[in-house]
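Chemist: with the input below, show me the fold.
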Amino acid sequence: MASTRSEKDACDLLDADHKAVKKMFKEYEELMESRARSATQKKKELAEKICQELTVHAQVEEEIFYPAVRQAIKETDLLDEAEVEHQTAKDLIAQIQAGGDPDDKFDAKVKVLGEYIDHHVKEERTEMFPKARAARKLDLVAMRDEIEARKEELKSEMEATA
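Modeler: Next comes the predicted model:
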């Protein structure tokens, strides 16, 4: 059953994540230009927040969104690419989260992650989301609720282990 476009669907929810993270990357870039000593700590905290958001986002896409889309559309090259992009992003996230104090490559890693995510988002927005919305077998509104619930679960788990 196709959803009416007036109701928010899974693609809208995922895209809201994209926009929130893009805003955080912009804030990070502004901090990179700051000479204030407090900027280093703020960058570290913001980088951690970016990494957590991306980790949760990638996990719900991999657990819920991608498998459903893979079953509903014929061309799966896009999904294969997205999964490879996720793995590369996870590698960068692990490097960013591994360090104690930010080293001289810390800013570069965050910047490259941001560029990488921009590319990934563009492909989802222009190619994957339209195909998912066109697939008659997908109930993206119901999937939105499932994704929201899973995101809350994952965030709670992260907070419990922090």
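Chemist: pLDDT below threshold where in the protein?
Modeler: Per-residue confidence for the chain (pLDDT under 70) gives these ranges: 1-6, 100-103.
Chemist: what are the ranges of the helices in it?
Modeler: 10-32, 38-60, 66-72, 77-98, 106-123, 129-134, 140-161 (DSSP state H).
Chemist: count of neighbours near residue 107?
Modeler: As a burial measure, residue 107 scores 16 neighbours (other Cβ atoms under 10 Å). Where C-beta positions appear, they are placed from N, C-alpha and C, glycine not excepted.
Chemist: wait, doesn't it sit right on residue 32?
Modeler: Yes - between residue 107 and residue 32 there is a contact under Cβ atoms under 8 Å: 5.4 Å.
Chemist: give me the common contacts of the two.
Modeler: By the contact definition Cβ atoms under 8 Å, 6 or more residues apart in numbering, residue 107 and residue 32 are jointly contacted by residue 43.
Chemist: how much space separates residue 134 from residue 111?
Modeler: Distance of residue 134 to residue 111, given as Cβ to Cβ, to the nearest Å: 35 Å.
Chemist: ignore what I typed, I meant residue 161.
Modeler: The spacing between residue 161 and residue 111, counted by Cβ to Cβ, is 28 Å.
Chemist: quick one, which of these two is more surrounded?
Modeler: In this comparison of residue 161 against residue 111, neighbours counted by other Cβ under 10 Å, the higher total goes to residue 111 at 14 against 6.
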